[in-house]
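Participant: Have a look; sequence and predicted model below, questions after that.
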Amino acid sequence: MRQRRSSQTAAHSHRRDAPPAVTLAIAAANQIHTTPYPTPDVHYGPLSQIWPALRLLRRHLVRLYTAGLLTASAETSTELESYGLPGPGRWITLYANSAHVWIVIAGHRPRHSRLRRRTRPRRQRTAWRADPTANLQDSSSYLVRHPPGL
């Protein structure tokens, strides 16, 4: 019987043949995975520094910046609606609208759920979700974009 791998392990299995930018984005996602959300909701400075707390949009921007796919100036979800090229990418895909953005890296979506972080023991938390397009079920309309070449 074939054992099911955790979604975090599955994301890491793509690293061997991934371009360097994708490997860097995965590493950034893993690094900031347990960073708390800011309370109250505050905006911190440039993306070149990992801040003590990160909002959801900033998490995506940090991943793209660390991968060399974005400048250090912060962007909004509205600006990400025109990021890169239209359509899904082979390695990295952004889904953006004026209110929300989420990212899929190497076929997996970084986990962001505040509730899951609070209710699951630390040892059971994974940084990745295997259901990358689950957000499409929220009845919102998203523009699908990807970095050139990825």
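Facilitator: Sure, I can see it.
Participant: got the residue ranges for the strands in this structure?
Facilitator: Using DSSP state E, the strands of the chain run over 85-86, 92-96, 101-105, 109-110, 128-129, 143-146.
Participant: With mean pLDDT added, can I get the ones you listed in CSV?
Facilitator: Putting these into CSV (pLDDT from 0 to 100) gives the following:
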stretch, mean pLDDT
strand 85-86, 97
strand 92-96, 93
strand 101-105, 90
strand 109-110, 84
strand 128-129, 76
strand 143-146, 95
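Participant: among those, which is nearest Ala27?
Facilitator: strand 101-105 (10.4 Å; Cβ to Cβ). From N, CA and C alone the C-beta is placed, and that goes for glycine too.
Participant: For the longest helix seen in the chain, list every residue counted as buried.
Facilitator: Using DSSP state H, we find that the single longest helix of the chain is helix 20-32. Residues of helix 20-32 classed as buried under the neighbour-count rule (16 or more other Cβ atoms under 10 Å) are Ala21, Val22, Thr23, Leu24, Ala25, Ile26, Ala28, Ala29, Asn30, Ile32.
Participant: Ignoring the adjacent residues along the chain, who's closest to Val22?
Facilitator: Trp91 (4.5 Å; Cβ to Cβ, 6 or more residues apart in numbering).
Participant: Now do the same contact list for that neighbour.
Facilitator: Counting by Cβ atoms under 8 Å, 6 or more residues apart in numbering, Trp91 touches Ala18, Pro19, Ala21, Val22, Ile105, Ala106, Leu150.
Participant: what angle do the longest helix of the chain and strand 92-96 make?
Facilitator: Angle, helix 20-32 to strand 92-96, by axes from the mean of the first three to the mean of the last three Cα atoms, to 10 degrees: 60 degrees.
Participant: Now do helix 20-32: distance to the chain's middle.
Facilitator: Using Cα atoms, centre = their mean, to the nearest Å, the distance from the centre of helix 20-32 to the centre of the chain it belongs to is 9 Å.
Participant: what about Gln137, how many neighbours?
Facilitator: 8 (other Cβ atoms under 10 Å).
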